[in-house]
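In: need coordinates for the following:
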Amino acid sequence: MDTLKMPGARAFASVRGSWIAPVLALTLSACAIQKPVNVSNEAQLTPPTPSATALLQLPPPQKKIVAAVYGFRDETGQYKPSPSSAFSTAVTQGAASMLMKALKDSGWYIPVEREGLQSLLTERRVLRAVDEGAQNSGGVPNLLPASIILEGGVIAYDTNTRTGGLGAKFLGIGMTTQYSVDQVTISLRAVDVASGAILDSVSTTKTIFSYEIHPSYFRFVNYYDLLEIEGGYTHNEPAQLAVKEAIDAAVMHLTVQGIKNNLWRLKNPADWNSALIQRYVTAENNEVTTVTPRQAVTTDAAATPVQTQ
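Out: Numbers count the residues shown, from 1 in each chain. Predicted coordinates:
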């Protein structure tokens, strides 16, 4: 073999180079399969968004509002890009459940079940049949009627509204970064059950930020062998958390807007001057979100304040 005819130092370099590659490959493989520090195998509660935290801190209402949600649909009609999936939608289909939780957490609303109304009515028929055979039965109470209906949905999902990147290399050491920004928009409106009038409407937008960091390094360890190392880190903000935060913000703004328009009232009127409420009033005035104020009804049946429980 030609290797045996080389001088001793060169033969040693060749032998050394023959085991560097396998050892380096095993080392990198071991590093690649290591679980990141912040990843847990246990199921956890969904982390609260800043808007969800604000909902929990809302001052109490004079009376709670009974609200019904029949659906909160994905109106974007967008799907994930191929080859990821040609049939999976780009945004979550569980926005109605997120809205119900936001209403419940706020302490201002009593959400009633309407999305699964058929299942509820079936169980009520079963309960009524059981009560008919029992003695001294008080019967099945009536369902709680709603004062308002909350309508709306995910009306827009725009991808790559902003993209960019930066890279540099010097003496075999390099670093490149890329980022992209998506945007999801939520529309929410409150409809008076008695008159059918739209009491208030609000639209909120949440950006989804994703970025990638890609470092690289290469060097000739000897005349024949080249050492090259590459790494990477990608962070993609979950789209469902962005939708949840937009919904939480929409409920918060809708509640504050209703207080401002005397649709519902605070238990303590002095809470209107609290820092939390004034922060959202200022955001509305600065057009951080697009709010459509309630228009005066010109018909004989003027809109009246919503009846609360």
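
In: dump the residue contacts of the residue lying closest to residue 49 once chain neighbours are set aside.
Out: Residue nearest to residue 49 in three dimensions, not counting chain neighbours: residue 245, with 3.9 Å by C-beta to C-beta, 6 or more residues apart in numbering. Yep, even glycine has a C-beta here, placed from its N, CA and C like the rest. With C-beta atoms under 8 Å, 6 or more residues apart in numbering as the criterion, the residues that contact residue 245 are 49, 50, 51, 52, 206.

In: now for those, which pair is the farthest apart?
Out: Across these, no pair lies farther apart than 52 and 206, at 12.6 Å, counting by C-beta to C-beta.

In: need the next SSE after the helix or strand encompassing the residue nearest to residue 49, C-terminal direction.
Out: In the assignment (DSSP states H and E), residue 245 maps to helix 239-260. Counting by DSSP H and E, the next helix or strand C-terminal to helix 239-260 is helix 275-285.

In: any buried residues in that next one, and which?
Out: Within helix 275-285, the residues scored as buried using 16 or more other C-beta atoms under 10 Å are 277, 280, 281, 283, 284.

In: what does that helix rub up against?
Out: Contacts to helix 275-285, defined as C-beta under 8 Å, 6+ apart, come from residues 54, 57-59, 252-253, 256-257, 259-260, 271, 289, 291.

In: so how far is it from its chain's centroid?
Out: Between the centre of helix 275-285 and the centre of its host chain there is 22 Å, according to C-alpha atoms, centre = their mean, to the nearest Å.

In: now do stretch 176-187
Out: Averaging C-alpha positions (C-alpha atoms, centre = their mean) puts stretch 176-187 13 Å from its chain's average.

In: buried sites along it?
Out: Neighbour-count burial for stretch 176-187, counted by 16+ other C-beta under 10 Å, picks out 180, 181, 182, 183, 184, 185, 186, 187.

In: quick one on the thing from earlier: out of the contacts of helix 275-285, which is most surrounded?
Out: Counting by other C-beta atoms under 10 Å, residue 252 has the largest number of neighbours within the contacts of helix 275-285, with 27 neighbours.

In: correct me, but that one touches residue 55?
Out: Yes - the pair residue 252 and residue 55 passes the contact test of C-beta atoms under 8 Å, sitting 5.8 Å apart.

In: would you map the strands across this structure?
Out: With DSSP state E as the definition, the chain shows strands at residue ranges 65-69, 73-74, 109-113, 148-170, 173-192, 198-220, 226-230, 233-236, 290-292.

In: tell me which of the ones you listed sits nearest to residue 124.
Out: Taking C-beta to C-beta as the criterion, strand 109-113 is the member of those that comes nearest to residue 124, at 11.1 Å.
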